[in-house]
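> sequence and predicted structure below; questions after.
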There are 2 protein chains.
Amino acid sequence: MERASLLLALDFGGTKLTAGLTALGERRWRAHRRVPAPPGSNAQSDREIMMALVQDMLATAELPLAAVGVSFGGPVDAARGVVLLSHHVPGWENTPLRQWLEARLGVPVAVDNDANAGALGEWRFGAGQGCDSILYVTVSTGIGGGWVVNGQPYRGADGMAGEIGHIVIQPGGPECICGRRGCLEALAAGPAIARRARECLAENPTAGKALRALVSGDVETITARHVSQAAATGDDLAQQVLDEAAYFLGQGIGSAITLMNPQRVVVGGGVAKSGPRYFEMVRAAARANVLPGMTVDIVPAALGDDAPLWGAVVLAGDLLN
Amino acid sequence: MERASLLLALDFGGTKLTAGLTALGERRWRAHRRVPAPPGSNAQSDREIMMALVQDMLATAELPLAAVGVSFGGPVDAARGVVLLSHHVPGWENTPLRQWLEARLGVPVAVDNDANAGALGEWRFGAGQGCDSILYVTVSTGIGGGWVVNGQPYRGADGMAGEIGHIVIQPGGPECICGRRGCLEALAAGPAIARRARECLAENPTAGKALRALVSGDVETITARHVSQAAATGDDLAQQVLDEAAYFLGQGIGSAITLMNPQRVVVGGGVAKSGPRYFEMVRAAARANVLPGMTVDIVPAALGDDAPLWGAVVLAGDLLN
């Protein structure tokens, strides 16, 4: 193991590509690039854009590259370093991404999904430091999760542990992209919040003034971010929709705590930026859904959007042990 | 570590007391005693009965006793070896059982709750052998669970991991002893099966002939065991009640698989003796509640009522490492 060497972290998200360069033992980025994935992008164009970022970063690097870690926004076979699928970007089916990057960069590469990477990142460098067990939950377009248990990442028998977005919270509830009804994701992720806000606005033609104003009256363009923004300015309808979503998230996290009793739950992703009231609601719902004596310690992610990227740093560093 | 030495396993259940004697590395009982806890028993009388069993077994032992493992039917602080509470037997509050036994037997003692012990037992000696991760679920008067993950027992931040009986399956459903509604335990444990059978019999005065006959018409005395027996003889009403309970259990196990993706789920306890149809229903419900690609491997416990006792053997053996 060479101490003075560089670790490269890559994050293939559904809508953006991020690369970071750090050194073994360091906790800052020597270089960091984030670009949106262009409309109509596919697996090949995403890889090419990422390689351009990497070459740009490595061009001025003063130390040798030692290893690469990759966070991927979709199901991954971490043991083989193969991307199984992207739900957002076409063409990723069964892509041997580890092999592809090792051939181009000449160093060992490790690949994991973004929720596992986020859990690793928050556990080693963020809000989960020092914990023996954490559940990391990311709430954005979907709801994903990753586990650290007994002081080790835990991926499950099929690398699919942590799919908290697909536990059923409300039997017979709204349809989920997985085909079932009432999954947590269908009740508390960004699109669910936006859909619920549109429903409430349709039912209450005089309510939600601030929310309507944010989209200039074009209710169909409302996103979860608009709902958060309107709630922050005191819009009652937006606040109620956000409270509901937070409550559902807390119910789901409560079930996870009941089953696993983790030391801490770290919540990241865009929706989790909705502020302290959101977190209070999540905590209250979780507390109402666990047994007396069970720890309910639910905190915002500390690394923000870079949690999976820092997890990729952990993956890269672990290759050198 | 002395190889040719004895391990003593004790199981304090709610209604029976069991002790087993084996030797390090052996997989058979050199002695095994099980007695019912007498009506009106308390913590002190249970301990005295257990010590009588132990003295009887050790009187003829030809090797020295090396360590003791204890499975306790209730919340335990495993790290300190203290029983926190029994829900069935009065007087156990904050009993330093490890210390009490060490003073009497002069060897190291380890204590854990019965669900964790059952998980350990099935993992090391039973239906979970060779698995990297298992969930053990015990379905009897209550529903408990224990985890092995990454090839290690996992107890959680407060020693309460595995409380699958208290995840909410049916919001607003039947009241649970924990004070909430619609918990898995309130839908699928023995008392829930008996209650539901009584309700169905009251609604259908001409149905359930075989079930009524089993209790000589005294519907109030029906237990889950009667329902299983009647179902096995083809009683439609009993079969439907049992199917429903199995389906709820499968839903709960499905949520656990979604969250943790264990390699195998091992189901023990009295209700799990209801036969192959019960297990098929559990599996079908679990499959309908997980994502595609997730392993659904649900099997009956191999060690039967002795799973916690074999787990106690593991606890005892681990004290010598």
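Structure's in. What do you need?

> surely residue A:271 is in contact with residue A:191?
No. Counting by CB atoms under 8 Å, residue A:271 stays clear of residue A:191, with 10.2 Å between them. Glycine gets a C-beta too; all of them are placed from N, C-alpha and C.

> between the two, what contacts are shared?
residue A:224 (CB atoms under 8 Å, 6 or more residues apart in numbering or on different chains).

> of those two, which one has the most company?
Between residue A:271 and residue A:191, residue A:271 has the larger neighbour count (other CB atoms under 10 Å in any protein chain shown), namely 26 against 15.

> so for the residue of the stretch 51-200 of chain A found nearest chain B, what's the pLDDT?
In the stretch 51-200 of chain A, the residue that lies nearest chain B is residue A:156 (2.8 Å; CB to the nearest CB). On the pLDDT scale, residue A:156 is placed at 96.

> the one 5 residues further on now?
The predicted local distance difference test score for residue A:161 is 96.

> so it sits against residue A:144, correct?
No. Counting by CB under 8 Å, residue A:161 stays clear of residue A:144, with 10.8 Å between them.

> contacting residues around the closest residue to chain B within the stretch 201-321 of chain A?
Nearest residue of the stretch 201-321 of chain A to chain B, counting by CB to the nearest CB: residue A:261, 2.8 Å away. Going by CB under 8 Å, 6+ apart, residue A:261 touches A:133, A:294, A:295, B:155, B:156, B:157, B:158, B:159, B:160, B:161, B:162, B:163.

> distance of it relative to residue B:171?
Noted for residue A:261: a distance of 22 Å to residue B:171, by CB to CB, to the nearest Å.

> next one: residue A:20
Separation of residue A:20 from residue B:171 (CB to CB): 42 Å.

> more neighbours: these two, which one.
For residue A:20 versus residue B:171, neighbours defined as other CB under 10 Å are more numerous around residue A:20 (24 against 14).

> so the more buried one sits in a strand?
Yes. Counting by DSSP: H, G, I helix; E, B strand; the rest coil, residue A:20 falls inside a strand.

> and it, what pLDDT?
97.

> before we move on, what about residue A:13?
Residue A:13 is given a pLDDT of 89.

> grab the nearest non-local neighbour of it.
residue A:73 (4.7 Å; CB to CB, 6 or more residues apart in numbering or on different chains).

> the one you found contacts residue A:18, correct?
No. Residue A:73 lies out of contact with residue A:18 (CB under 8 Å); the separation is 10.7 Å.

> shared neighbours of the two, anything?
Counting by CB under 8 Å, 6+ apart, the residues touching both residue A:73 and residue A:18 are residue A:11.

> who has more neighbours out of these two?
Set side by side, residue A:73 and residue A:18 show more neighbours around residue A:73, with 27 against 21, by other CB under 10 Å.

> quick one, what contacts that one?
Residues in contact with residue A:73 (CB under 8 Å, 6+ apart) are A:11, A:12, A:13, A:14, A:86, A:88, A:113, A:114.

> can you flag the buried ones in those residues?
Buried subset of these (neighbour count, 16 or more other CB atoms under 10 Å in any protein chain shown): A:11, A:12, A:13, A:14, A:86, A:88, A:113, A:114.

> the last one contacts residue A:308, doesn't it?
Yes. Counting by CB under 8 Å, residue A:114 sits close enough to residue A:308 to count as a contact (4.4 Å).

> need the residues touching each of the two.
When contacts are counted by CB under 8 Å, 6+ apart, residue A:114 and residue A:308 are jointly contacted by A:11, A:13, A:71.

> check the last one and give its pLDDT.
Same thing as residue A:71. Each residue has a pLDDT score; the one for residue A:71 is 97.

> quick check, pLDDT for residue A:1.
47.

> for the stretch 1-150 of chain A, what spans make up the strands?
Taking DSSP state E, counting those that start in this stretch as the criterion, the stretch 1-150 of chain A carries its strands at A:6-12, A:16-23, A:31-36, A:65-72, A:76-77, A:82-83, A:109-113, A:134-139, A:143-149.

> in a markdown table: the ones you listed, plus distance to residue A:55.
Below are these laid out as a markdown table (distance: least, CB to CB, whole Å):
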| stretch | distance to residue A:55 |
| --- | --- |
| strand A:6-12 | 11 |
| strand A:16-23 | 10 |
| strand A:31-36 | 11 |
| strand A:65-72 | 11 |
| strand A:76-77 | 24 |
| strand A:82-83 | 21 |
| strand A:109-113 | 16 |
| strand A:134-139 | 29 |
| strand A:143-149 | 30 |
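
> could those strands go into TSV alongside distance to chain B?
As requested, these are exported to TSV (distance: least, CB to the nearest CB, whole Å):
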stretch	distance to chain B
strand A:6-12	20
strand A:16-23	25
strand A:31-36	28
strand A:65-72	16
strand A:76-77	10
strand A:82-83	14
strand A:109-113	12
strand A:134-139	9
strand A:143-149	5
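
> mean pLDDT lowest for which of those strands?
strand A:76-77 (a mean of 92).

> tell me the strands beside that strand, with direction?
Paired strands of strand A:76-77, with direction, are strand A:82-83 (antiparallel) (DSSP bridges).

> leaving out the residues flanking it, which one is nearest to residue A:125?
Closest to residue A:125 by CB to CB, 6+ apart is residue A:310, at 4.8 Å.

> so the one you found belongs to a helix, correct?
Yes. Counting by three-state DSSP, residue A:310 is part of a helix.

> now do the contacts for residue A:232.
residue A:275.

> and residue A:105, by the same measure?
A:8, A:54, A:65, A:68.

> any chance of the residues you listed in JSON lines, with distance to residue A:248 and neighbour count too?
Output for the contacts of residue A:105, formatted as JSON lines (distance: CB to CB, whole Å; neighbours: other CB atoms under 10 Å in any protein chain shown):
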{"residue": "A:8", "distance to residue A:248": "38", "neighbour count": "26"}
{"residue": "A:54", "distance to residue A:248": "39", "neighbour count": "21"}
{"residue": "A:65", "distance to residue A:248": "44", "neighbour count": "18"}
{"residue": "A:68", "distance to residue A:248": "37", "neighbour count": "27"}
